[in-house]
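# show me how the following folds:
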Amino acid sequence: MDSKELLQHVLNKRVKDYSYPIVFFILFSVFLFFAIRPNLVTAFTLQQELEQLRAQDEQYENVILNIVKYQSLIENTRDDFVLLEDAVPDSPEIFNIVRDIRIAATASGLIINELEISQVVLKDTPKDADGDGNIESTKNTERQSYTIRFNLPAGFTDVRNFMARLTNQRRLKTVEAIRVNTTTQPGTSSAVFNFSFDVTGYYLQL
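Numbers count the residues shown, from 1 in each chain. Below is the predicted model of the structure:
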């Protein structure tokens, strides 16, 4: 086939009818790539961001609900804070705890003998930790304690009543040790029980 016949074949009406759709599809593909594709990418990105925002919104909502829950809990227990402060005050208040012990003993018909109080930390102690002359504070804001030791001549029933009254008081106290010994009353053969208590009181050093 020579060049003239080839040119006539290309210019044939049937061939020219197929050339227009091909050109249209090529142009349409280029249009889709350069015009519509960025819009599709933007829409997809926006959809992802929307899902992320919904997830964050759900997290924030849970946090807010927890805050409201804790605020309601605080409001409902606000009156109990006074009991907590009475149980563990921010200072030793030795006089008050000794008074509580004496009240419990008096209500049980008992008399306290030989009351002793261990050393109480009233303030933080300066300390040179590394030996460079710089004094550092060793203040401890955690729970502090001291021990009160006393003797209580009594019978077992009276001691049981004393323990019940002591543990029902507001001030937090723990009985660390109870020692029992007997003594004989002069001129008689009957024995008297003498209970020795170690009671620990607590406070916060602020």
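
# when you work out contacts or count neighbours from here on, use the C-alpha atoms and nothing else.
Will do.

# so which helix or strand takes in the most centrally placed residue in the chain?
Geometric centre of the chain, nearest residue: Y70, 11.8 Å, by C-alpha atoms, centre = their mean. When elements are assigned from DSSP states H and E, Y70 belongs to helix 37-76.

# who does that helix touch, helix- and strand-wise?
Applying 3 or more C-alpha pairs under 8 Å, 6 or more residues apart in numbering; DSSP states H and E, we find helix 37-76 packed against no helix or strand.

# how far off centre is it?
25 Å (C-alpha atoms, centre = their mean, to the nearest Å).

# now swap in stretch 81-101 and tell me
Using C-alpha atoms, centre = their mean, the offset of stretch 81-101 from its chain centre is 24 Å.

# distance between the ends of that stretch?
Distance between the two ends of stretch 81-101: 23 Å, counting by C-alpha to C-alpha, to the nearest Å.

# repeat for stretch 25-39
20 Å.

# now swap in stretch 160-177 and tell me
Stretch 160-177: ends 14 Å apart by C-alpha to C-alpha.

# can you give me the buried ones in that stretch?
Buried positions in stretch 160-177, judged by neighbour count with 16 or more other C-alpha atoms under 10 Å: F162, M163, R165, L166, Q169, R171, L172, K173, V175.

# okay, and which of those map to helices?
Counting by DSSP state H, the buried residues of stretch 160-177 place F162, M163, R165, L166 in helices.

# out of the residues you listed, the closest to L50 would be?
L166 (62.6 Å; C-alpha to C-alpha).

# ok, now which ones touch the closest one?
Applying C-alpha atoms under 8 Å, 6 or more residues apart in numbering, we find L166 in contact with D100, I101, A104.

# for the second one, the count of nearby residues, please.
Okay, so that is I101. By the criterion of other C-alpha atoms under 10 Å, I101 has 21 neighbours.

# contacting residues around the helix or strand harbouring it?
Following DSSP H and E, one finds I101 within helix 94-107. Here helix 94-107 makes contact (C-alpha under 8 Å, 6+ apart) with I111, I112, F162, M163, R165, L166, Q169, R171, G201.

# avg pLDDT for that helix?
The average pLDDT within helix 94-107 is 92.

# between helix 94-107 and the following helix or strand past that helix, find me the angle.
Sequence order places strand 113-117 as the next helix or strand after helix 94-107, per DSSP H and E. Strand 113-117 runs at 150 degrees relative to helix 94-107, counting by axes from the mean of the first three to the mean of the last three C-alpha atoms, to 10 degrees.

# count the residues that sit near A43.
12.

# which residue ranges make up the domains of the protein?
3-74, 86-204 (automatic domain parsing).

# how far does the longest one sit from its chain's centre?
A distance of 30 Å separates the centroid of the chain from that of domain 86-204, by C-alpha atoms, centre = their mean.

# how far away is V68 from F81?
19 Å.

# in the chain, what helix or strand scores lowest on average pLDDT?
strand 136-137 (a mean of 50; mean pLDDT, DSSP states H and E).
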